[in-house]
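*Asks:* Build me a structure from this.
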Amino acid sequence: MNLSLSDIVPPLRWTAPSQVEPIASDPGLPDAWWQALPLDRACAMVGTAQVASRLADLTTACWGHLVLGDILPLLRFTDPEESLQTPGPRESVHKLFIGVIDKLLATEPSEGASDAPVPPALPERPLPEIIDEVFARLDDRQRAIARDRLYFDASEEAGQRATLDDLAQRFSVTRERIRQIERDLRDHVVAWLASPEAAPLTAHLAWLRTRLGSAVPADDLAAAVPWHRTELATLTIPAWRFVRTLLTGYEQVDGWLVAGGADELREKTRQLFTDGPRPLEEAVSMVSQLGIREDMAERWLAFVPHLRLLEGHVVPWPRSVNDKAEAVLAVAGTPLTPEEIQTRIGEDYSLVGIRNQLTADERFLRLDRNKYGLRRWGGEEYLGIREMITREIERAGGEASVSTVVGNLTSRYEVSESSVRAYAGGPGFERTQRGWIRVAGQEHAEPYQPRRDVSMTRRCFRSRDGRWWHRVDVNAEHLRGSGSPLPTGFAAHLGMAPGGQLTASTASGEVVISWHNQPTMGSIRPVLAEYNAAEGDHVFLTVSDGGELLTRFLPAAAASVPALNQALHLIGYTAPVASEAEGLRLIGARIGLPDGAPREEILERLRERGDRDILGFLS
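*Replies:* Here you go, the predicted model:
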């Protein structure tokens, strides 16, 4: 016998040698015996039970997710029912394997005879001719049922699979008669496959399963051997269409032939990457353990939903932009700008939305003026030029020279010397006697107390994450680029006080919020342009701890929307609600009231805040 164990056990060719070696090695057999030693010699040296035992150990350790017929394809012929099951107890698997190997050894010809495992009845004849004999005696009606229904290729563009009614009408019989003829044809082919005349084809099917593996593009079947494309004279169809129906256990899904369940194999593939990105070479090796050929692994990975090939890595690719940004950064291994992240994601996500998520999600850390990394990498968070100057002063013991601050910040971050000097000479800092700088009023500074808290401030609403947002109702002045006032309660919530200034960064530049006579926000026209905003639309905004201007855009509600939903729209809530009570509960939570506050208390709070537009929809 010239067959080694790896010749009859396809997973042995796909599993990494480092996994096979510790399990399959045997003191009575040479190294890598499963590849180098003919199976009959291995069994003669240590016994069939010992060879089957090593195979059972490998099955338990490495291939428990595969059906037994994929591990040992010969089982599909010796025990078809068991071949469709996943491995059970080791003792049962061991017994099955002993039986198959014993039968294989018993059918081997004596020394000097042909090496063919199953001698075909007519070995010199082309297989298409042998297959044609199965259908040679069919009448026109039987051939039409075989060609247009039994062996029809659903993936072909021309035509559709004939229905029972179509064929019944064509041959003037009942649909039940067509069903009976179809069943008889199936039985006829099954009976033929068990005959000696079909031995060359059954041997070919056993080889074909090892050739295909767990999943291949469907067109790989037609190209597996040249004669697959040969037309069967009796049915006028390519031979591979007939062969396809004999590959029991495979299903065709979206252009792929998949052994077992396609959904199950895709889910097993996804589970391999739950811990994050893997280099493509490593990913191919991992996927091959599922029975997928290495030369097909990359195409399979590209086919599996929620996985993506990205810069030589396979990464989990869920639906949320946050998860995609995390995958992009994990592969890059270095901080990236929101623009770079947007480009690498390559989907229809706005730059403003990506920037907002990078700022709001705890997985990300702002590491430079316009660069983000993963928090698990560590590093010092960039908080904006003013805050970074304050940090440098604190590190120096309360005061520092401007030159030292400039040198430290420009060497670590992408900020210009002129910007650092401008901020150091502006509000919030003062000169010491020796010409250095310190935080202004540091010794006596007290938080500014506004007349109205943010929860009592008109058009300010708290989201579920605890942030307070201010609603800007877009008008012509905003669209022209004019600045606009901010409520003092909201400005104080951002940490501002009279005479102060706050610079918030956006994808398109910086927005300055200053407080002289009253808090005023500079132009947000670039932000509105990003959203393609129009008069009457709404933008909810706030500033993160890192100095980012976070925005959420909401188009104006349609006039046909019910009054309660109009009110909810103004607090930034657009989902349907079950009742007015549910809607009022949501409004109460957004304006800072405890859960369960009564209707009158909610309405009174809205009156005190000055939210007359919302009250108008609730009265």
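*Asks:* low pLDDT regions in the stretch 101-250 of the chain?
*Replies:* Applying pLDDT under 70 to the stretch 101-250 of the chain picks out residues 107-124, 154-159.
*Asks:* ok, now the chain?
*Replies:* For the chain, the ranges with pLDDT under 70 are 1-2, 107-124, 154-159, 441-447.
*Asks:* Would you mind splitting it into its domains for me?
*Replies:* Following automatic domain parsing, the chain resolves into domains at 5-106, 127-259, 385-439, 457-554, 563-618.
*Asks:* closest to E347 out of these?
*Replies:* Between E347 and those, the tightest spacing by Cβ to Cβ is seen for domain 457-554, at 16.4 Å. For the C-beta atoms, the positions are set from N, CA and C on the backbone; glycine is no exception.
*Asks:* Show me where the stretch 201-350 of the chain has its helices.
*Replies:* Ranges of helices in the stretch 201-350 of the chain, per DSSP state H, counting those that start in this stretch, are 219-223, 239-246, 262-271, 280-288, 294-303, 321-332, 338-345.
*Asks:* before we move on, the earlier item: will you turn the domains of the chain into JSON lines that also has distance to R266?
*Replies:* Below are those laid out as JSON lines (distance: least, Cβ to Cβ, whole Å):
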{"stretch": "domain 5-106", "distance to R266": "13"}
{"stretch": "domain 127-259", "distance to R266": "8"}
{"stretch": "domain 385-439", "distance to R266": "42"}
{"stretch": "domain 457-554", "distance to R266": "33"}
{"stretch": "domain 563-618", "distance to R266": "31"}
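*Asks:* could you dump those to a markdown table with mean neighbour count?
*Replies:* As requested, the domains of the chain are exported to a markdown table (neighbours: other Cβ atoms under 10 Å):
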| stretch | mean neighbour count |
| --- | --- |
| domain 5-106 | 18 |
| domain 127-259 | 16 |
| domain 385-439 | 16 |
| domain 457-554 | 18 |
| domain 563-618 | 16 |
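*Asks:* Let me see the backbone angles for T334.
*Replies:* Recorded main-chain torsions at T334 are phi -150, psi 150, according to degrees, to the nearest 10.
*Asks:* can you give me how far the helix or strand harbouring R179 is from the chain middle?
*Replies:* Per DSSP states H and E, R179 falls inside helix 175-193. Centroid separation for helix 175-193 versus its chain: 44 Å, with Cα atoms, centre = their mean, to the nearest Å.
*Asks:* elements contacting that helix?
*Replies:* Contact analysis of helix 175-193 by 3 or more Cβ pairs under 8 Å, 6 or more residues apart in numbering; DSSP states H and E lists helix 127-135, helix 140-145, helix 164-171 as its packing neighbours.
*Asks:* now the last one and helix 175-193, what's the angle there?
*Replies:* It stands for helix 164-171. 100 degrees (axes from the mean of the first three to the mean of the last three Cα atoms, to 10 degrees).
*Asks:* got a list of contacts for helix 164-171?
*Replies:* For helix 164-171, contacts defined as Cβ atoms under 8 Å, 6 or more residues apart in numbering pick out R141, A144, I145, D148, R149, T174, R175, R177, I178, R179.
*Asks:* Let's see it as PDB, backbone CA atoms only.
*Replies:* Output of helix 164-171 as PDB, limited to C-alpha atoms (Å, rounded to 0.1, in the frame of the first residue of the first chain):
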ATOM      1  CA  LEU A 164     -43.100  20.000 -10.800                       C
ATOM      2  CA  ASP A 165     -46.000  21.900 -12.400                       C
ATOM      3  CA  ASP A 166     -43.800  23.000 -15.400                       C
ATOM      4  CA  LEU A 167     -42.800  19.400 -16.100                       C
ATOM      5  CA  ALA A 168     -46.300  18.100 -15.500                       C
ATOM      6  CA  GLN A 169     -47.700  20.500 -18.000                       C
ATOM      7  CA  ARG A 170     -44.900  19.800 -20.500                       C
ATOM      8  CA  PHE A 171     -45.600  16.000 -20.500                       C
END
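*Asks:* Show the contacting residues for the residue lying farthest from the centre of the chain.
*Replies:* Taking Cα atoms, centre = their mean, the residue of the chain most remote from its mean C-alpha position is Q433, at 59.8 Å. Taking Cβ under 8 Å, 6+ apart, we find Q433 in contact with no residue.
*Asks:* With adjacent residues omitted, what lies nearest to S25?
*Replies:* Distances taken as Cβ to Cβ, 6 or more residues apart in numbering place D31 nearest to S25, at 7.4 Å, with adjacent residues excluded.
*Asks:* Correction: the previous question concerned G213.
*Replies:* Distance criterion Cβ to Cβ, 6+ apart; nearest residue to G213, sequence neighbours excluded, is R293 at 4.4 Å.
*Asks:* if I look at the one you found, how far off is G255?
*Replies:* The spacing between R293 and G255, counted by Cβ to Cβ, to the nearest Å, is 16 Å.
*Asks:* Repeat that for R452.
*Replies:* 63 Å.
*Asks:* now do L55
*Replies:* For L55 relative to G255 (Cβ to Cβ), the value is 34 Å.
*Asks:* G373 falls within a helix, correct?
*Replies:* No. G373 sits outside any helix when classified using DSSP: H, G, I helix; E, B strand; the rest coil, being strand.
*Asks:* my guess is it meets G333, correct?
*Replies:* No. Shown here, G373 and G333 do not form a contact pair, counting by Cβ atoms under 8 Å, at 9.2 Å.
*Asks:* Would you mind measuring the gap between the ends of stretch 361-369?
*Replies:* In stretch 361-369, first residue to last residue: 17 Å (Cα to Cα, to the nearest Å).
*Asks:* Any chance you could list what contacts that stretch?
*Replies:* When contacts are defined by Cβ under 8 Å, 6+ apart, stretch 361-369 is touched by residues 322, 325-326, 329, 335, 357-359, 372-377, 379-383, 385, 413-415, 505, 546, 548.
*Asks:* Give me the buried entries from those.
*Replies:* 322, 325-326, 329, 335, 357-359, 372-374, 382-383, 385, 413, 415, 505, 546, 548 (16 or more other Cβ atoms under 10 Å).
*Asks:* about what we covered before: nearest to A224 among the helices and strands packed on helix 175-193 would be which one?
*Replies:* A224 lies closest, by Cβ to Cβ, to one member of those: helix 127-135, at 12.2 Å.
*Asks:* do you know which of the helices of the stretch 201-350 of the chain lies nearest G596?
*Replies:* Nearest to G596 among those is helix 321-332; the distance by Cβ to Cβ comes to 32.0 Å.
*Asks:* tell me which strands and helices the closest one is in contact with?
*Replies:* Secondary-structure packing of helix 321-332 (3+ Cβ pairs under 8 Å, 6+ apart): strand 307-310, strand 313-316, helix 338-345, helix 351-360, strand 364-368, strand 371-374.
*Asks:* got the angle for that helix vs helix 338-345?
*Replies:* Angle of helix 321-332 versus helix 338-345, following the same axes, to 10 degrees, is 90 degrees.
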